[in-house]
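**Q** Let me see the structure of the following:
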Amino acid sequence: MNEHQFEEAVARMVRGDKSGLKEIYENYIGYIYRIIYDVLQNKENAEDVTSEFFIRLWDKAEQFKPGSGHKGYLATMARNMAIEKAQAGRTDRPDAGSGSGAGGRRARTQSALSERGRKYGGAGGRFGFVHPAGIGNPETIGAAGGKPEGTWGAYL
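**A** Here you go, the predicted model:
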């Protein structure tokens, strides 16, 4: 997906057209998941944050500035969401990691990110949430219209 195609997809999202989100999802699900997984190193948490990512992308579509480089925009949003999740998990456990308070969390996060400085790209794996077209893991399908409850697909 090039910059122009991405901008057109976001413009459709701003108008309330879910096909824009579906197009972005299909092109970037693997890229987003890998960024988030590399920070969290936990499959379930990475799936949850990836799901939340697409909800946030939909909610904040109007804030995207055309010409700002969409891959960097997506990567920054995904990385920040993963860091927020990692920090929230660490603050729930007082014995987690070295250091205390924001300084200790910051140092641990920076250390984790520096260890995972590889490039992202390629196809993604299978996920425990539903695709906008309704594809999902059968065991997770709930009463939410045939879509897993609590996933971004349940909202589409």
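
**Q** So, low pLDDT: which residues of the protein?
**A** The chain contains residues with pLDDT under 70 at 90-156.

**Q** For the chain, which segments are assigned as helices?
**A** All helices of the chain, identified by DSSP state H, fall at 3-14, 18-40, 43-59, 70-92, 101-115.

**Q** CSV for those helices, including mean neighbour count?
**A** Bear in mind the C-beta positions are built from the backbone N, C-alpha and C, glycine included. Output for those, formatted as CSV (neighbours: other CB atoms under 10 Å):
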stretch, mean neighbour count
helix 3-14, 17
helix 18-40, 20
helix 43-59, 19
helix 70-92, 17
helix 101-115, 13
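
**Q** Would you mind confirming that Y33 makes contact with A46?
**A** Yes: with contact defined as CB atoms under 8 Å, Y33 reaches A46; the gap is 6.1 Å.

**Q** what about N2, how many neighbours?
**A** Neighbours of N2 under the rule other CB atoms under 10 Å: 8.
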